[in-house]
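Asks: My questions are about this predicted structure, shown below with the sequence.
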Amino acid sequence: MSGLFYYLNRLHSGSSPGGPKSQGSAQGPGHVASSVGLSSFRDVIAFLSHSYVGSSLKLLVLGSVVETGRRLFMWFIERFAIKYCTTIRFIQGDPAYEWIVLFLNQENVWRRSREFTVSASNSQRKWAVRAAADATVKANAEYVPMYTQPQLFRWRGYWVEIKRVGNGSNNEMPGPYAMIHGRYVATGASISVTVYTLDMSVLSDLVEEARLRYLEVNRPNVVIYLTDSPQFGPHQTWATVKHKMRRPLSSIILPEGVVDALVNDAKEFLNTENWYNEAGIPHRRGYLLYGPPGTGKTSTIYALAGALNLEIYSLSLASNFVDDSYLQRAASAIPKHGLFLIEDIDCAFPSREDEEEQEMDIMATMQLNIPRPHRGTQRTRSMVTLSGLLNVIDGIGSEEGKLFFATTNHIDRLDAALLRPGRIDHKVQYSLATAPQAHALFMRFFPAWRFSDIASKPGYDIKTETVSQLADVFSTAVPSAEFSTAELQGYLQGYKARPADAAHGVGVWVEQVREERRAREQREAERRAKRQQRKAESLAGLTVSVNTPGLPGAPGMVVPGVVVPTANGPAVPSDAAPATVEPTVNGEKTEAVVVNGTHKEEVKVNGVA
Ligand SMILES: Nc1ncnc2c1ncn2[C@@H]1O[C@H](COP(=O)(O)OP(=O)(O)OP(=O)(O)O)[C@@H](O)[C@H]1O
């Protein structure tokens, strides 16, 4: 700017920049004007070609040309991209996301990445890259590229572009989900894959290759998808993946024929889709494995999934974020031939004990000054309703063949509607270990081949008896149907190389466990008695309506108050206002109905329930 001022001043004073002083003042006005005009133009040109103002203007023009060119180029690229490429998106939580992650890792697409986050490795598949050839180093930590830039690579002669969004890879999305305008909105990580070709089949080939590679890599594993966090959005349910080593079916110790029958049933189901379609029967199959804890229900399902190449989608109804709609979404996101597993399905059906606990809670909320019961030992109640669960089971596989597996320790708590054929088609009962199971478990722990000629080896305790003889000793000493296979397994784990000690010491262990159980049962009985006592005390002073014979009042009418005494004392009438209530609860006669404002609760007055 100062150059421009200098130039204008010079013009005003009639001089050219840098030239000799003008003679204009000595000539006529017209001449002066024309001479000034010509010289001014020349001056401008001269100025522009020599001053840095001129250079700036040139740069400006050049910049505009470049920017216009760039925009034209981008416009062209966009048009080209729309016409000559195809893009697909893989969303985290969908099984296909796992395929593409593995594929890209194998293709080493991110090798140019220079930014990594490091995290202790866990069993989840991540975007980790191999940081060192040494496998032990890799096992300790995972180096996850930041992927801030899109990456381009060649695959089968085609250019493929990869972009990743979400999960902190860039700033476009804050994470798997976020609170936006007071609502949770799915913002999970995703990968977009663009293939530059007109041929659509290239893209599906790429996806298929990714899938096959994934299956190949995971051949020794069972893949388990879990829902362990409250994710939102249509693809956000199965976000966590675990890989477990396949377990041979032969390692499951059950009465003869049980495992085979189950596996054959599942195989037949998977192979007879057409039959189901032709018969007009929904292509679904439900299995219920029930019995005491630690008897092998879950192990059987994992072994079966491994044998039949099925992926497991495991969900717990006890999770506090799983309600009917979440369950519905999760089930519908399971792909064909996925194994849908609900463990401990009975938690959707409260037991009598649970209901009593809830009763105590209600009393406490009635401001009766009752201390809230200790919640530590209470089972988690599910937010899923029976009808929600039935809807989901009915929906599974209505379009595609999916297997539904449920496990429970309390089949008696399950509603008959759930157990009817069409929902549960195949039931397997598990029991505490029998003598043959104990024998088989012992033989599995101490395979004869390992102990055949070790009599002289230090550390091993076999001297005279064979493993088979020791297994006989063991299975005879373990009382039948008193211990779970898991309990026996836990005991044997303490004797890895000492089968003789294991076999001969099991009698002492049995007595110890029995003693522990007796003590636990006693504690439990005391706890129950205390709870009953608390409940009896809490009823004292309540105004109730009574329709019990022997006490005043007719069914359907609240007697003007009867104050329920403690379990020992007599009923005392009060003068509370009468009100009409139902004489029964759920169609069953009640002994008394507690009335408190708008709340009405069934209780048993005599011999407190
Ligand atoms: N019948 C069995 N055969 C082989 N191993 C078993 C068997 N039962 C239990 N186990 C072993 O005990 C452990 C627990 O078994 P698992 O989880 O399958 O029992 P579960 O019946 O599903 O128990 P829960 O009802 O508590 O879920 C596993 O390590 C498993 O190897």
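Replies: Noted; the coordinates are in hand. Residues are numbered from 1 along each chain as shown.
Asks: Number of residues surrounding the residue in the stretch 201-350 of the chain that the ligand sits nearest to?
Replies: Closest approach between the stretch 201-350 of the chain and the ligand, counting by C-beta to the nearest ligand atom: Gly296, at 2.7 Å. Using the backbone N, CA and C atoms, a C-beta is placed for each residue, glycine as well. Residues near Gly296, counting by other C-beta atoms under 10 Å, number 24.
Asks: residues in contact with it?
Replies: Residues in contact with Gly296 (C-beta atoms under 8 Å, 6 or more residues apart in numbering) are Ile252, Ile253, Leu254, Tyr430, Thr485, Ala486.
Asks: just checking: which of these also lie near the ligand?
Replies: Taking C-beta under 6 Å from any ligand atom as the test, the ligand is in contact with Ile252, Ile253, Leu254, Tyr430, Thr485, Ala486 out of these.
Asks: residues from the chain in reach of the ligand?
Replies: Residues of the chain lying close to the ligand by C-beta under 6 Å from any ligand atom are 252-254, 293-299, 407, 409, 430, 485-486, 489.
Asks: which ones among those residues are found in helices?
Replies: Using DSSP state H, the members of the residues of the chain next to the ligand that fall in helices are Lys297, Thr298, Ser299, Thr485, Ala486, Gln489.
Asks: Which of those has the largest number of neighbours?
Replies: The most neighbours of any of these, using other C-beta under 10 Å, belong to Thr485, which has 24 neighbours.
Asks: per-residue confidence at it?
Replies: Per-residue confidence (pLDDT) for Thr485: 97.
Asks: if I look at it, how far off is Thr407?
Replies: Relative to Thr407, Thr485 is positioned 15 Å away (C-beta to C-beta, to the nearest Å).
Asks: Show me how the chain divides into domains.
Replies: Following automatic domain parsing, one finds the domains of the chain at 2-19+27-50, 85-217, 245-366+380-429, 435-519, 540-603.
Asks: rank those domains by pLDDT, which is bottom?
Replies: For those, the weakest mean pLDDT is recorded on domain 540-603, namely a mean of 41.
Asks: From the contact counts, what lies against the helix ranked longest in the chain?
Replies: Longest helix in the chain, counting residues (DSSP H): helix 499-539. Counting contacts by 3 or more C-beta pairs under 8 Å, 6 or more residues apart in numbering; DSSP states H and E, helix 499-539 packs against helix 352-365, helix 435-445, helix 467-477, helix 485-492.
Asks: and Ser192, that one's in a strand?
Replies: Yes - under DSSP: H, G, I helix; E, B strand; the rest coil, Ser192 falls within a strand.
Asks: tell me the phi and psi of Arg285?
Replies: phi -150, psi 130 (degrees, to the nearest 10).
Asks: residues contacting it?
Replies: Applying C-beta under 8 Å, 6+ apart, we find Arg285 in contact with Asp265, Ala266, Phe269, Gly397, Leu403, Phe404, Asp425, His426.
Asks: and the residue of the stretch 501-609 of the chain found nearest the ligand, how many neighbours does it have?
Replies: In the stretch 501-609 of the chain, the residue that lies nearest the ligand is Val513 (15.5 Å; C-beta to the nearest ligand atom). Applying other C-beta under 10 Å, we find 14 residues neighbouring Val513.
Asks: again with Pro499
Replies: 27.
Asks: Please apply the same query to Lys427.
Replies: Applying other C-beta under 10 Å, we find 13 residues neighbouring Lys427.
Asks: Contact partners for Ala438?
Replies: Ala438 is in contact with Phe474, Ser475, Val478, Leu488, counting by C-beta under 8 Å, 6+ apart.
Asks: I'd like the average pLDDT over stretch 66-73.
Replies: Stretch 66-73 shows a mean pLDDT of 89.
Asks: what's in contact with it?
Replies: For stretch 66-73, contacts defined as C-beta under 8 Å, 6+ apart pick out no residues.
Asks: How about Pro248, nearest residue that isn't a chain neighbour?
Replies: Distance criterion C-beta to C-beta, 6 or more residues apart in numbering; nearest residue to Pro248, sequence neighbours excluded, is Ala303 at 6.8 Å.
Asks: separation between that neighbour and Arg247?
Replies: According to C-beta to C-beta, Ala303 and Arg247 sit 5 Å apart.
Asks: Looking at those two, which is more packed in?
Replies: Using other C-beta under 10 Å as the criterion, Ala303 and Arg247 rank with Ala303 on top: 22 against 17.
Asks: Output the contacting helices and strands for whichever helix or strand that one is part of.
Replies: Element membership for Ala303, per DSSP states H and E: helix 297-307. With contacts defined as 3+ C-beta pairs under 8 Å, 6+ apart, helix 297-307 has these neighbours: strand 221-226, helix 258-271, strand 284-290, strand 312-316, strand 339-343, strand 402-408.
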